[in-house]
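Trainee: quick one, fold the following:
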Amino acid sequence: MRRKPVDSDRARAEGQQLAKELNILELVAIGVGSTIGAGVYVLVGTVAREHAGPALAVSFLIAGIAAALSAFCYAELASRCPSAGSAYHYSYICIGEGVAWLIGWSLVLEYTLGGSAVARGISPNLALCFGGPDSLPWILARHQLPWFDVIVDPCAAALVLAVTALLCLGIKESSFVQAIVTIMNACVMLFVIIAGCYIGFQIGWEGYKVTDGYFPYGVNGVLAGSATVFFAYIGFDTVASTAEEVKNPQRDLPLGIGAALSICCLLYMMVAVVIVGIVPYFAMDPDTPISSAFAKHGMQWAMYVVTSGAVLALCSTLMGSLLPQPRILMTMARDGLLPSFFSDVNKHTQVPVKGTIVAGICAAALAFFMDVSQLAGMVSVGTLLAFTIVAVSILILRYVPPEEVPLSSSRRESMGLNQEYDEEKGRDPLGDDICDTSQIKDLIATEAMKDPLLEKQHKGKMDEMKRRKIAAFSIGSVCLGVLVLTASASATWLPFLPLCIGCIVGGVLLIPGLVVLCCIDQDDGRHSFGHSGGFMCPFVPFLPVVCILINTYLLINLGKNNHFHCVFQRRCMDKSRHMAADRCSRLHFLRTNPQLASRRCICPCGQDRSTQEFIWFHVLEKKEPSHLGADKTSPALTCA
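Mentor: Numbers count the residues shown, from 1 in each chain. Alright, predicted model coming up:
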């Protein structure tokens with residue numbers, strides 16, 4: 001639970017600071033480029049057909065509002081504690097080293113798997129731009145290795161290495177390239193919007209004239225669609241990882257995060273409005289909804305424009321995935337959780353070149369050899385876990401801030417009065433050599449009874465300690481209540497009565513804790529935490545608590561599928577390993593006892609089996625021993 005000071009990163013950098021080159025426009029480009037991926041070109045069809053119908057834009061709006069809650073929390077912490085460590089750094093300051101270590105490795109895993117998965121998705125889309133799956137050069141096309149069930153992707157590995165080389169040149173150069181790619185992707189989305197509006201006005205927006213109405217799946221369908229498209233907003237947290245490279249982080253980081261999320265939400269909603277307007281939701285192609293929508297209205301050539309937009313979106317997302325990883329490794333190395341090798345900053349480019357190269361090689365190897373699509377869900381798990389911890393850090397910052405936070409105004413006043421009292425008495429307040437803590441408390445209590453100044457200080461200190469204890473208990477109650485409530489609400493397989501009991505217990509823990517946090521005062525030190533004048537998250541504690549509730553619900557419902565998959569895969573591997581060990585044991589026994597291989601035996605079950613079958617069914621399965629054959633002199637096979 002050890003926590004570090006706010007400005008410890010600058011103190012431990014020892015002159016190896018990153019270059020402060022970024023302004024608000026470049027931050028917006030990084031945020032938009034990291035958020036808008038190729039998923040939007042597919043999600044609109046799937047979500048419209050199965051969940052939202054014509055109300056797809058409403059689902060994107062609700063998901064954008066939910067993502068904005070996390071963005072507010074990130075904006076305050078990024079402006080007050082600007083560090084390349086992002087959520088790892090915030091959790092280390094507010095919660096402790098153990099949670100920070102978990103968040104740090106979750107983010108490293110998230111960005112590594114995310115970058116590899118994105119790179120594997122570029123080559124098929126790139127091949128479509130050139131005419132088909134087999135149109136890429138042989139050296140870049142996918143190949144299946146002989147004697148191995150592995151499909152290698154040289155194009156994905158080459159793209160990862162190219163982006164890694166670009167990131168090593170410097171943050172200014174890489175942000176410029178990402179801005180160009182992001183602008184081109186935005187132009188493709190604007191083409192979809194403008195061309196879709198032209199078609200929509202010509203056909204009278206027939207997609208909205210369906211008999212089922214605007215909400216064919218009801219409110220539940222819209223909310224289910226919001227939970228699905230929520231992951232299209234993941235990526236704005238990349239902006240927070242560039243905090244040490246921003247010229248004015250207190251102003252530009254909150255504006256960059258907010259502007260990037262707003263632009264993404266607006267583009268998503270406009271694309272959704274247009275696509276469901278020109279094609280009825282039940283007639284959408286779930287795989288290529290935008291291309292097929294234009295093809296139905298005689299614009300087959302638009303497929304190449306949309307596919308090029310998907311490639312640009314994937315390239316921009318790949319850059320956004322590889323950018324934060326070496327900076328998180330650098331921050332962890334500064335704190336001593338990783339070798340100092342990762343904390344080295346190149347003197348010429350002023351970026352962590354060594355960490356960037358290591359991270360790029362790992363991502364390129366995964367993209368080349370492995371199909372990481374099955375592990376893509378772990379990317380969202382790591383992101384939601386970071387979102388949840390950041391919201392909890394806001395509550396801790398406001399109510400139980402770290403000890404490095406300056407004292408509140410009332411405590412500073414009482415300490416000043418105490419200093420004046422000591423000067424009048426002609427003594428040093430730290431001059432008494434008293435080692436026993438109990439003696440110090442007794443002395444303070446005795447002096448407080450004699451002098452009103454000390455009494456005021458003692459009373460203020462005791463009130464502050466009491467307030468912090470109540471706040472800490474309330475925050476713990478809120479977090480536990482959210483966990484119980486979301487877990488109970490997600491356990492739909494439970495009977496009705498246990499499910500209701502779980503929800504009631506979660507509500508009993510959540511609501512009183514939230515009420516207490518609303519009633520008690522927030523710590524005055526929050527105004528001077530880190531950098532004064534930074535962005536302040538509004539509506540605390542309501543906004544962070546709702547953020548924790550949403551992220552925990554999504555985390556549980558997303559994580560249980562991935563957990564089930566990992567458990568199932570581990571069970572299969574264990575079963576295969578045991579079967580292989582049993583087969584080896586049987587072969588070893590028969591080779592060391594060749595005279596028994598052809599003998600017959602009567603099993604306890606009464607069947608006549610060969611010795612080989614007997615060994616398999618009874619010796620290896622730990623059954624009761626049996627005597628071989630009818631010959632009384634035959635040796636007995638025991639379990640030993």
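Trainee: helices along the stretch 251-400 of the chain, start to end?
Mentor: With helices called from DSSP state H, counting those that start in this stretch, the stretch 251-400 of the chain shows them at 289-295, 302-322, 324-334, 353-369, 376-399.
Trainee: so what's the residue positioned nearest the centre of the chain up against?
Mentor: By Cα atoms, centre = their mean, the mean C-alpha position of the chain lies nearest to T383, the distance being 0.9 Å. Neighbouring residues of T383 by Cβ atoms under 8 Å, 6 or more residues apart in numbering: 110, 234, 237. Using the backbone N, CA and C atoms, a C-beta is placed for each residue, glycine as well.
Trainee: now do 10 Å
Mentor: By Cβ atoms under 10 Å, 6 or more residues apart in numbering, the contact list for T383 reads 70, 87, 106-107, 110-111, 114, 231, 234-235, 237, 551, 554-555.
Trainee: quick revisit: just name the most buried of the helices of the stretch 251-400 of the chain.
Mentor: Most buried of the helices of the stretch 251-400 of the chain by mean neighbour count (mean count of other Cβ atoms under 10 Å) is helix 324-334; its value is a mean of 26.
Trainee: which other helices and strands contact it?
Mentor: helix 8-13, helix 87-94, helix 97-129, helix 154-169, helix 353-369 (3 or more Cβ pairs under 10 Å, 6 or more residues apart in numbering; DSSP states H and E).
Trainee: just the pLDDT for the residue nearest to the centre of the chain.
Mentor: Note for T383: predicted pLDDT of 86.
Trainee: pull the CA coordinates from stretch 484-503 and hand them back as CSV.
Mentor: Once non-C-alpha atoms are left out, stretch 484-503 reads as follows in CSV (Å, rounded to 0.1, in the frame of the first residue of the first chain):
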residue,chain,number,x,y,z
VAL,A,484,-22.0,-6.9,-5.2
LEU,A,485,-24.7,-5.1,-7.1
THR,A,486,-23.2,-5.6,-10.5
ALA,A,487,-22.2,-9.2,-9.9
SER,A,488,-25.8,-10.0,-8.7
ALA,A,489,-27.4,-8.2,-11.6
SER,A,490,-25.1,-10.0,-14.0
ALA,A,491,-25.8,-13.5,-12.5
THR,A,492,-29.0,-14.1,-14.5
TRP,A,493,-28.6,-17.9,-14.0
LEU,A,494,-29.4,-17.5,-10.3
PRO,A,495,-32.9,-18.1,-9.1
PHE,A,496,-35.0,-15.0,-8.5
LEU,A,497,-34.8,-14.9,-4.7
PRO,A,498,-30.9,-15.1,-4.4
LEU,A,499,-30.6,-12.5,-7.2
CYS,A,500,-32.9,-10.1,-5.4
ILE,A,501,-31.0,-10.7,-2.1
GLY,A,502,-27.7,-9.9,-3.8
CYS,A,503,-29.0,-6.7,-5.4
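Trainee: among the contacts of T383, which one lies nearest to T317?
Mentor: Using Cβ to Cβ, G235 comes nearest to T317 of the contacts of T383, at 7.0 Å.
Trainee: state the distance from that closest one to L543.
Mentor: Counting by Cβ to Cβ, to the nearest Å, the separation of G235 from L543 is 21 Å.
Trainee: re earlier: what subset of the contacts of T383 is buried?
Mentor: Among the contacts of T383, those classed as buried by 16 or more other Cβ atoms under 10 Å are 70, 87, 106-107, 110-111, 114, 231, 234-235, 237, 551, 554-555.
Trainee: let me know the closest of those to G320.
Mentor: When the buried ones among the contacts of T383 are compared against G320 (criterion: Cβ to Cβ), the nearest one is G235, at 5.8 Å.
Trainee: so that closest one sits against A71, correct?
Mentor: No - judged on Cβ atoms under 10 Å, G235 makes no contact with A71 at a distance of 11.1 Å.
Trainee: touching both of these two, which residues are there?
Mentor: Counting by Cβ under 10 Å, 6+ apart, the residues touching both G235 and A71 are 31, 260-261.
Trainee: by neighbour count, which of those residues wins?
Mentor: Ranked by neighbour count under the definition other Cβ atoms under 10 Å, the shared contacts of G235 and A71 are headed by G31 with 29 neighbours.
Trainee: let me know whether it touches L323 as I believe.
Mentor: No - applying Cβ under 10 Å as the test, G31 and L323 come out as separate, 11.2 Å apart.
Trainee: shared neighbours, the two?
Mentor: With Cβ under 10 Å, 6+ apart as the test, G31 and L323 both reach 238-239, 242.
Trainee: got a list of what A310 touches?
Mentor: Applying Cβ under 10 Å, 6+ apart, the residues near A310 are 37-42, 121-122, 124-126, 128-129, 185, 188, 288, 290-291.
Trainee: rerun that using 8 Å as the cut-off
Mentor: Contacts of A310 (Cβ under 8 Å, 6+ apart): 38, 41, 125.
Trainee: and it, how far from V40?
Mentor: Distance of A310 to V40, given as Cβ to Cβ: 9 Å.
Trainee: what do you get for Y217?
Mentor: Per Cβ to Cβ, Y217 is found 20 Å from V40.
Trainee: the two: who's more crowded?
Mentor: Taking other Cβ under 10 Å, Y217 and V40 do not tie; V40 has more neighbours (24 against 17).
Trainee: nearest to L140, out of the buried ones among the contacts of T383: which one, please.
Mentor: Among the buried ones among the contacts of T383, G114 lies closest to L140 (Cβ to Cβ), at 21.9 Å.
Trainee: if we can go back for a sec, tabulate the helices and strands packed on helix 324-334 (CSV), appending mean pLDDT.
Mentor: Formatted as CSV, the helices and strands packed on helix 324-334 follow (pLDDT from 0 to 100):
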stretch, mean pLDDT
helix 8-13, 52
helix 87-94, 92
helix 97-129, 87
helix 154-169, 94
helix 353-369, 93
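Trainee: looking at these, which is nearest to L480?
Mentor: Per Cβ to Cβ, nearest to L480 of the helices and strands packed on helix 324-334: helix 97-129, 15.3 Å.
Trainee: just want the angle from that closest one to helix 353-369.
Mentor: For helix 97-129 against helix 353-369, the angle by axes from the mean of the first three to the mean of the last three Cα atoms, to 10 degrees is 50 degrees.
Trainee: what's the next secondary structure element after helix 97-129?
Mentor: Downstream of helix 97-129, the first helix or strand assigned by DSSP states H and E is strand 143-144.
Trainee: could you list the low-pLDDT ranges of the stretch 301-450 of the chain?
Mentor: 372-378, 403-450 (pLDDT under 70).
Trainee: I meant to write the stretch 451-600 of the chain there.
Mentor: Looking at the stretch 451-600 of the chain by pLDDT under 70, you get 451-458, 525-533, 559-600.
Trainee: all helices of it, in order?
Mentor: Going by DSSP H, counting those that start in this stretch, the stretch 451-600 of the chain shows helices at 452-490, 496-519, 542-592.
Trainee: check which helices and strands the first one is in contact with.
Mentor: Same thing as helix 452-490. helix 376-399, helix 409-425, helix 437-450, helix 496-519, helix 542-592 (3 or more Cβ pairs under 8 Å, 6 or more residues apart in numbering; DSSP states H and E).
Trainee: please state the offset of stretch 323-335 from the chain centre?
Mentor: Here stretch 323-335 is found 16 Å from its chain centre; the criterion is Cα atoms, centre = their mean, to the nearest Å.
Trainee: follow-up on the earlier one: now, among the contacts of A310, which is nearest to K209?
Mentor: Looking across the contacts of A310 and measuring by Cβ to Cβ, the closest to K209 is Y41, at 25.0 Å.
Trainee: following element in sequence after whichever strand or helix holds that closest one, please.
Mentor: For Y41, the enclosing helix or strand under DSSP H and E is helix 40-47. Where DSSP H and E defines the elements, the next helix or strand beyond helix 40-47 is helix 56-80.
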